[in-house]
Structure formats: structure tokens, C-alpha cells
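Novice: Got a sequence here, can you build the structure:
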Amino acid sequence: MLGWIDEALEVGAHERTVLCISGDAGLGKTRLARATAHWARERGRVVLEGRATPVNSALPLEAFRSAVRASRRNMAGREPPPDGLAASFERWLLPELGQAADVDLDIVFEAACRYFSGLADEKGLLLVLEDLHLASPSSCELVRHLAESLPETPITLLLTFREGEAGPHVNSMRHALLRERIAQEQRLEPLQEGAVGAMLEDILGVQPDKRTRETIATMSGGNPFVVEELVRSAAEEGLLGEESGRLDPDGELSIPWTVREMLLSRLHRLPDADRDLLSWAAIAGDTFDVSIVAHAANLTSEECASAVGRLSDAGLLRDDEQESGPPLVAFRHALTRDAVLEEMVGAEQVHRHRGLLLALEDRFGQEDEEHLEEMLGHALASDDRPRAFSYSAREARRTLRLGALLESEAHHERALELFDADDGHEARAELLMGHGWVTDAAGNREAAAQSFLAAREEFLAAGNDVRAA
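Specialist: Here you go, the predicted model:
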């Protein structure tokens with residue numbers, strides 16, 4: 001990537017060059033743009049840097065306004081361009097200069113061409129425009145006009161945007177410049193685990209252990225900004241030894257506020273329907289069955305598929321490739337799901353767990369074994385005691401049959417805690433007998449004896465012949 005930018009700057013010293021860098025928030029677009037600006041200044045180039053923001057996105061040519069305004073601050077005292085039309089560009093653009101009378105946009109565009117051509121002296125000009133996914137249509141039109149009108153001008157346009165959040169006018173500009181072979185585009189991808197490990201080693205100064213590397217890579221989704229913020233937050237909370245490079249095995253990483261704000265600002269720009277679907281998906285899990293989520297959200301399969309497609313294009317979801325079974329979708333970053341969950345109050349989470357539980361039961365039936373653990377989780381989270389007891393008891397029996405003693409003991413104990421008199425003496429007796437077998441097999445004879453004695457009392461209370469039992 002750095003070599004690609006360096007080569008483009010060399011070409012941009014003689015002719016027009018357009019570079020597009022796309023990628024999710026936090027992948028390093030701004031860092032690359034700043035590095036490019038630094039290298040350009042070292043070469044003696046004039047550098048203008050502008051940015052589109054949600055606040056000024058309704059203003060015409062807003063990305064260029066910020067670039068020109070910053071240029072006037074940084075180059076105070078600079079003589080205005082000798083070309084009168086070029087000199088008028090700043091006055092038309094910046095209201096603080098005393099806005100001229102209304103003028104046709106094509107005249108403003110021609111003034112812009114002359115203005116930027118004048119700045120591109122013998123060493124060239126770098127014009128950086130960031131976050132163009134937030135740009136107005138007029139800014140995108142002027143970008144395309146400059147790129148198409150100044151082929152022999154030593155100007156480099158560096159454009160950054162989030163592909164999944166780009167509107168139709170942004171994509172139209174991109175596709176036109178790529179189709180006409182005017183622009184080159186590079187997409188930033190999340191770091192692989194090995195690269196995350198190298199980044200951690202660079203930050204900490206020591207090589208992290210395997211668990212730390214895997215944990216940070218999974219939580220961050222390979223996003224460099226999130227990696228840095230997780231490390232900073234973990235170190236501040238005493239969960240990460242900066243000298244050892246190891247996470248505390250008993251600690252729990254939380255989302256740093258900087259990451260949360262980045263994620264939430266992105267989520268809040270989603271349409272209400274897509275944000276609602278994302279909330280159902282977050283309750284369903286890191287990976288989920290689209291048909292179940294659609295049923296719970298009361299959406300048709302077509303409506304759900306369209307929403308999932310939009311969320312996937314926005315870089316929030318991805319296909320989870322399976323060799324068999326129903327098609328599954330996963331959150332692209334674990335922290336996205338965490339941020340969605342944190343936004344939901346407890347009552348809303350209970351409601352959605354209940355909806356997903358009913359959707360699973362409608363689809364597979366309450367006796368289904370394959371989704372038993374999933375239904376148990378939703379029953380517990382939705383405070384549905386009868387269902388939670390029933391599924392816990394079944395899971396206790398199932399894990400006992402599989403010989404998973406520790407898991408079976410935990411399920412037996414939870415089912416016994418959930419037991420209510422309405423469930424009957426025989427149900428409790430069966431659980432106590434199972435708990436006795438599990439604890440006996442684990443070598444805890446005292447606990448086993450207590451469970452067997454309690455089971456005997458329950459059988460008697462149910463009017464059974466203990467000898468037959």
C-alpha cells in the first residue's frame with residue numbers, strides 16, 4: 001500500500017492522479033491520508049486537506065469548503081490567484097469572504113479547475129478529501145469534474161470513504177472514474193491474526209502469548225484502531241501486563257468508550273428497520289440463522305434478506321460459510337454485537353429472547369435435540385421458568401448420556417434450582433437420581449449419597465414403590 005501511494009505521488013508530479021482508499025472505520029484510512037500529506041510536503045508539494053462530516057453534509061461543495069478554509073488558515077498572507085475567475089472560487093465557496101451573487105454551478109466548477117491548477121505549481125498539488133461517503137452530490141460532481149478536466153495538471157486527488165456507507169452519488173463518481181481508467185482504488189481489509197500479533201508486539205515491545213493474540217484478534221475483528229484501543233483500555237484497567245504481554249486470564253475486556261462511540265455513530269445512521277433487525281441478530285448470537293431471526297422479527301424472508309444484504313454491504317455482517325445445514329450469517333466484528341447489546345435495556349432484551357425462543361419452537365418443535373441448548377439459553381434469558389426448567393432437565397439427561405459429567409452436573413444443579421412444586425415430585429426425583437450418578441462418577445460420594453437419599457424421599461412423596469424404582 002505504501003509503495004502504491006509513493007508511486008502515485010511521483011506520477012502526480014507530472015500529471016493528474018486519482019487515488020481512492022476505501023474501508024471500514026478504524027482500518028487506517030486517515031492514517032494513510034496523513035502519511036501521504038506528510039510525504040507530499042517533504043517533496044515540496046502544496047497540500048490541501050478537507051473532510052466531509054455529518055454536520056455540513058447538506059452544504060454544497062462542503063468537502064472543498066473545509067479544504068480551502070484550512071488552506072487559507074495555513075497559508076495566511078498568500079497572494080490570491082492572478083486569474084480573476086480562479087480568485088473568485090474562494091469567495092463563492094466561503095461565506096465569511098462575502099458571498100458573491102448566485103452563479104451557475106458550471107461557472108463555479110470552471111473556477112475550481114483554474115484555482116487548483118494555479119496551486120499545482122511545478123512541484124504539484126495534493127488534494128486530500130476524506131470521508132466522502134458523507135459528501136453531498138455537488139462535492140462528488142466536482143471531484144469527477146476536476147479528475148476529468150485536468151489530465152495534464154500535476155495534481156493528485158486522494159479520496160477516502162467507507163464503501164458500505166457510500167450513497168449512490170458517491171458510488172456513481174467512483175464507478176465513472178474507475179471505468180474511465182482515471183482512478184485507482186485500494187480497499188483496506190482487517191488484519192489477520194498474525195498481523196494483529198505483530199501490531200501488539202510493536203505496541204507492547206514484547207511478543208504477546210497465544211491467548212492474548214487470539215483474544216485481541218477476535219474482539220477487534222482485525223481493526224487496527226480497535227486493537228490499539230483495546231490494548232490501551234486493558235492496560236489502564238490492569239488486565240494486560242505491558243511487560244509480559246499477557247492478558248489476565250480471570251479478567252474480562254470491555255469495550256473502550258472510543259470504540260463504542262465509533263460503533264454507535266455508525267449504527268445510528270442505519271435505517272430504523274435495519275437497526276431493529278441488527279438488534280434481533282445480536283440477541284440471536286455471534287452467528288445466526290436468518291430464517292429464525294426473520295420469523296422472530298415478523299419479517300418475510302425477502303425483507304430479511306434485503307436487510308441482511310444492506311448490513312453486509314455496510315460491513316456489519318458477513319456470510320458464515322458452512323459445509324452443510326442452513327445458511328448462517330455472522331457479525332463481522334464481535335464488538336459490533338456487543339455495542340448493539342449494550343444499547344438495549346433489560347426489558348427489550350428479555351422481549352427479544354422470548355421472540356427468538358418462540359420462533360425456534362415454531363420452526364423445530366419443543367422436542368428438538370439439535371437446538372436444545374439454544375432454546376435453553378433463550379428460555380433462561382427471557383425469565384421463562386417453566387421452559388427453562390424443562391430444557392435444563394432435558395439437557396442434564398442428554399449430557400449424562402454423552403458422558404459429559406461436569407456439564408451434566410451443572411445442568412442438573414441448575415434444573416434443581418429452577419424446580420417448582422408444580423413440576424411434580426417425580427421430576428425432582430429423576431433429577432436428584434441423575435445428580436447422584438454424576439457426582440458419584442466424579443468421586444464425590446458424600447454429595448451422591450445426599451442426592452440419592454433426597455431422590456428416595458421424592459419417590460415416596462409421589463406414592464411410588466421405592467424398591468421398584
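
Novice: Please make it C-alpha for all contacts and neighbour counts, starting now.
Specialist: Noted.

Novice: quick one: buried residues of the helix or strand bottoming out on mean pLDDT in the chain?
Specialist: Sorting the helices and strands of the chain by mean pLDDT, DSSP states H and E puts helix 2-11 at the bottom, at a mean of 72. Neighbour-count burial for helix 2-11 flags Ile5, Ala8, Leu9, Glu10, Val11 (criterion: 16 or more other CA atoms under 10 Å).

Novice: mind putting those residues in a markdown table, distance to Phe452 included?
Specialist: Below are these laid out as a markdown table (distance: CA to CA, whole Å):
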| residue | distance to Phe452 |
| --- | --- |
| Ile5 | 74 |
| Ala8 | 79 |
| Leu9 | 80 |
| Glu10 | 83 |
| Val11 | 84 |
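
Novice: Which elements pack onto the least confident helix or strand of the chain?
Specialist: In terms of contacts (3 or more CA pairs under 8 Å, 6 or more residues apart in numbering; DSSP states H and E), helix 2-11 is packed against strand 17-22, helix 29-42.

Novice: who's in contact with that helix?
Specialist: Outside helix 2-11, the residues that touch it by CA atoms under 8 Å, 6 or more residues apart in numbering are Thr17, Leu19, Thr36, Ala40, Thr156.

Novice: Kindly recompute the last result at 10 Å.
Specialist: By CA atoms under 10 Å, 6 or more residues apart in numbering, the surrounding residues in contact with helix 2-11 are 1, 12, 15-19, 32-33, 35-36, 39-40, 43, 45, 124-126, 154-158, 184, 186.

Novice: Now restrict those to buried residues only.
Specialist: Buried, going by 16+ other CA under 10 Å: 12, 15-19, 32-33, 36, 40, 45, 124-126, 154-158, 184, out of the contacts of helix 2-11.

Novice: show me where pLDDT drops low in the stretch 301-450 of the chain?
Specialist: 321-326 (pLDDT under 70).

Novice: Okay, helices next: where are they in it?
Specialist: 301-313, 334-343, 346-364, 372-381, 385-402, 405-418, 425-441, 445-461 (DSSP state H, counting those that start in this stretch).

Novice: What about the nearest residue to Arg354 once chain neighbours are set aside, how many residues nearby?
Specialist: Excluding the flanking residues, the one nearest Arg354 by CA to CA, 6 or more residues apart in numbering is Ser382, at 5.3 Å. A count of nearby residues for Ser382, using other CA atoms under 10 Å, gives 23.

Novice: Surely Ser382 and Ala388 touch.
Specialist: Yes - the pair formed by Ser382 and Ala388 meets the contact definition of CA atoms under 10 Å, at 9.0 Å.

Novice: what's the overlap in contacts for those two?
Specialist: Leu376.

Novice: what is Ile155 paired to in the beta sheet?
Specialist: Beta-bridge pairing for Ile155 (DSSP bridges): Leu125.

Novice: how about it, what does it touch?
Specialist: Ile155 sits next to 9, 11-18, 45-47, 116-117, 119-121, 123-127, 146-147 when contact means CA under 10 Å, 6+ apart.

Novice: change it to 6 Å
Specialist: Ile155 is in contact with Gly12, Arg16, Gly124, Leu125, Leu126, counting by CA atoms under 6 Å, 6 or more residues apart in numbering.

Novice: Now those residues in a markdown table, please, with extra columns for distance to His412.
Specialist: Output for these, formatted as a markdown table (distance: CA to CA, whole Å):
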| residue | distance to His412 |
| --- | --- |
| Gly12 | 71 |
| Arg16 | 72 |
| Gly124 | 74 |
| Leu125 | 72 |
| Leu126 | 68 |
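
Novice: of all these, which comes closest to Glu243?
Specialist: Closest approach to Glu243 among the contacts of Ile155 (CA to CA): Leu126, at 41.7 Å.

Novice: could you check the distance from the closest one over to Ile107?
Specialist: Remark: distance between Leu126 and Ile107 (CA to CA, to the nearest Å) = 23 Å.

Novice: For Gly222, see how far away Gln192 is.
Specialist: Gln192 is 6 Å from Gly222, where distance means CA to CA.

Novice: repeat for Leu267
Specialist: In terms of CA to CA, Leu267 sits 19 Å off from Gly222.

Novice: again with Ser71
Specialist: Where Gly222 is concerned, Ser71 sits at a distance of 35 Å (CA to CA).

Novice: So for these two, which sits in the more crowded spot?
Specialist: Applying other CA under 10 Å to Ser71 and Gly222 shows that Gly222 carries more neighbours, namely 23 against 17.

Novice: didn't the more buried one look like it was pressed against Glu189?
Specialist: No - the criterion here is CA atoms under 6 Å, and Gly222 misses it with Glu189 at 8.3 Å.

Novice: Could you say which helix or strand holds Leu27?
Specialist: Here Leu27 sits in a region with no helix or strand, counting by DSSP states H and E.

Novice: How many neighbouring residues does it have?
Specialist: The burial count for Leu27: 21, using other CA under 10 Å.

Novice: My guess is it contacts Gly221. True?
Specialist: No - using CA under 6 Å, Leu27 makes no contact with Gly221, being 10.4 Å away.

Novice: remind me which residues of the stretch 51-200 of the chain are low pLDDT?
Specialist: In the predicted model of the stretch 51-200 of the chain, residues 54-59, 75-78, 98-102, 122 satisfy pLDDT under 70.

Novice: residue ranges for the helices of it, please.
Specialist: 62-74, 84-93, 105-119, 137-149, 168-179, 193-204.

Novice: got the buried residues for the shortest one?
Specialist: What it means is helix 84-93. Buried, per 16+ other CA under 10 Å, within helix 84-93: Leu85, Ala86, Ala87, Ser88, Phe89, Glu90, Trp92, Leu93.

Novice: Without its sequence neighbours, what residue ends up closest to the last one?
Specialist: Yep, that's Leu93 we're talking about. Excluding the flanking residues, the one nearest Leu93 by CA to CA, 6+ apart is Arg65, at 6.1 Å.

Novice: So what's the residue count around the one you found?
Specialist: Arg65 has 22 nearby residues by other CA under 10 Å.

Novice: any idea how far Arg45 is from it?
Specialist: Distance of Arg65 to Arg45, given as CA to CA: 20 Å.

Novice: Equivalent analysis for Glu228, please.
Specialist: 32 Å.

Novice: what's the neighbour count on His371?
Specialist: Count around His371 with other CA under 10 Å applied: 14.

Novice: In three-state terms, how would Val47 be classified?
Specialist: Under DSSP: H, G, I helix; E, B strand; the rest coil, the three-state class of Val47 is strand.

Novice: can I assume it is in contact with Gly124?
Specialist: No - between Val47 and Gly124 there is no contact under CA under 6 Å: 8.9 Å.

Novice: who's in contact with His351?
Specialist: By CA under 6 Å, 6+ apart, His351 has no neighbours at all.

Novice: Any idea which of the helices and strands packed on helix 2-11 gets closest to Leu240?
Specialist: Set against Leu240 and scored by CA to CA, the helices and strands packed on helix 2-11 come closest in helix 29-42, at 25.6 Å.
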